[in-house]
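**Student:** Sharing a sequence plus its predicted fold:
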Amino acid sequence: MAPEIKYTKLFIDNEWVDAKSGKTFETYNPHDGSVIAKVAEGDKEDIDLAVAAAKRAFHRNSEWRLMDASKRGEILRKFSDLIERDQKYLAELESYNNGMVLAHAKTFIGGAVGMVRYLASCADKVTGETIPSDGEVFSYTLRQPIGVCGLILPWNGPIYIFVSKVTTALAAGCTVVVKPAEQTPLTALALAALLAEAGLPKGVLNVVNGFGPGAGSSLTHHSDVAKVSFTGSVEVGKLIQQASGNSNLKRVTLELGGKSPLIIMNDADLNVAVPYAANAVFFHQGQICIAASRLFVQSGIYDKFVEAAVKYAQSIKVGNPTDPTHRTDLRLTRK
């Protein structure tokens, strides 16, 4: 059965709201192309509202920024507990909207719980340094939250990337505006609801669904956004760097797709090398930033490797991601 779709609106200033334009867009199940739901389509006006809410939450006697760091950690630990409580629903929703094999989605969410707990523990451990200097001076560093962060998510690992970006910024005392990938907005909205349930103050987290040229571009060009974190293509990463320079020289963190090679030498053990290569190439259908997009195989083992790799690839089942007979052994360790 399909999971219940609980949230399809924008989340701004701790309220679920329609897009100002009234527009929606369809989100799909990639397994069969069926429409899952219509989701509010945010644009520049909605981004402006979300950024304003995040700015108020950061600058005006900020409950979040001025909160004891240990208290921020407690709220984030509560968030991890809620993810763990709802992990079955979140895994099903991720698989339904993203196409991820359900068994893998459960693994990713287990990792997300651990990541949130780790980052929550870091909230009260952000320290500065005293620096030896010549003369009668006292030199030190003080690390402080930067302000409003614009966080742009990829479609291939929505839950895991949401928690890595959002929890890091929140633990530091920043406020955030999240722009999910238009292909996979549903789990970001579900996680926003859990953060609100955990006790996150008003305006600290905002989620605006929409498309890159509208919502995404408006976020990266916004002069009240102090930092942008983007995971996606090299082409869009270049545009974000340009937007930073053309607006307010906001800080930018980019995780961009690469062309990772895997090299197989003549002395490789095929019993290890073939499954390892399958993990690198086929895990999550190859739609993952660390996937090996090229294989270089030394000539002495080439024919045997290709034969074994073809046989292994043919054993991987393609179909409904909720099918429990899908192979789940692609994450291997050397024996």
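**Tutor:** Received it, and whenever you're ready, just let me know what you need.
**Student:** and the closest residue to Q298 other than its chain neighbours, what does it touch?
**Tutor:** Leaving out its chain neighbours, the residue that sits closest to Q298 by C-beta to C-beta, 6 or more residues apart in numbering is N266, at 4.6 Å. Quick note: C-beta positions are derived from backbone N, CA and C, even for glycine. Counting by C-beta atoms under 8 Å, 6 or more residues apart in numbering, N266 makes contact with Q298, S299, G300, I301.
**Student:** Show me the helices in the stretch 101-250 of the chain, by range?
**Tutor:** Using DSSP state H, counting those that start in this stretch, the helices of the stretch 101-250 of the chain run over 102-122, 158-172, 186-198, 217-221, 234-246.
**Student:** Redo these as CSV? Include mean pLDDT, distance to K227 and mean neighbour count.
**Tutor:** Shown next, in CSV, are the helices of the stretch 101-250 of the chain (pLDDT from 0 to 100; distance: least, C-beta to C-beta, whole Å; neighbours: other C-beta atoms under 10 Å):
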stretch, mean pLDDT, distance to K227, mean neighbour count
helix 102-122, 94, 17, 19
helix 158-172, 97, 8, 24
helix 186-198, 98, 19, 22
helix 217-221, 96, 11, 24
helix 234-246, 93, 9, 15
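**Student:** For G42, which of the ones you listed is the nearest?
**Tutor:** The minimum distance between G42 and the helices of the stretch 101-250 of the chain falls on helix 217-221, with 8.7 Å, by C-beta to C-beta.
**Student:** Please put the alpha-carbon coordinates of that closest one into PDB.
**Tutor:** Output in PDB follows, covering the C-alpha atoms of helix 217-221 (Å, rounded to 0.1, in the frame of the first residue of the first chain):
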ATOM      1  CA  SER A 217      17.500  30.900  -8.200                       C
ATOM      2  CA  SER A 218      15.600  33.300  -5.900                       C
ATOM      3  CA  LEU A 219      17.200  31.700  -2.900                       C
ATOM      4  CA  THR A 220      20.800  31.800  -4.300                       C
ATOM      5  CA  HIS A 221      20.400  35.500  -5.400                       C
END
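**Student:** Which other helices and strands does it contact?
**Tutor:** Contact here means 3 or more C-beta pairs under 8 Å, 6 or more residues apart in numbering; DSSP states H and E; on that basis helix 217-221 packs against helix 44-59, strand 148-152, strand 227-232, helix 234-246.
**Student:** ok now that helix, how far from the chain's centre?
**Tutor:** Remark: helix 217-221 is offset 18 Å from the chain centroid, using C-alpha atoms, centre = their mean, to the nearest Å.
**Student:** again, but for stretch 120-137
**Tutor:** Counting by C-alpha atoms, centre = their mean, stretch 120-137 comes out at 30 Å from the chain centroid.
**Student:** what's next to it, contact-wise?
**Tutor:** Residues contacting stretch 120-137 (C-beta under 8 Å, 6+ apart): 68-70, 72-74, 76-77, 79-80, 138-143, 167, 171-172.
**Student:** Show only the entries of those residues found in strands.
**Tutor:** S139, Y140 (DSSP state E).
**Student:** Figure out which of the helices and strands packed on helix 217-221 is closest to Y160.
**Tutor:** strand 227-232 (10.4 Å).
**Student:** The residue nearest to E197 when sequence neighbours are not counted and N320: what is the separation?
**Tutor:** Residue nearest to E197 in three dimensions, not counting chain neighbours: L82, with 6.0 Å by C-beta to C-beta, 6+ apart. Going from L82 to N320 by C-beta to C-beta, to the nearest Å gives 28 Å.
**Student:** One more: G203?
**Tutor:** From G203 to N320 the distance is 40 Å (C-beta to C-beta).
**Student:** repeat for A280
**Tutor:** Where N320 is concerned, A280 sits at a distance of 24 Å (C-beta to C-beta).
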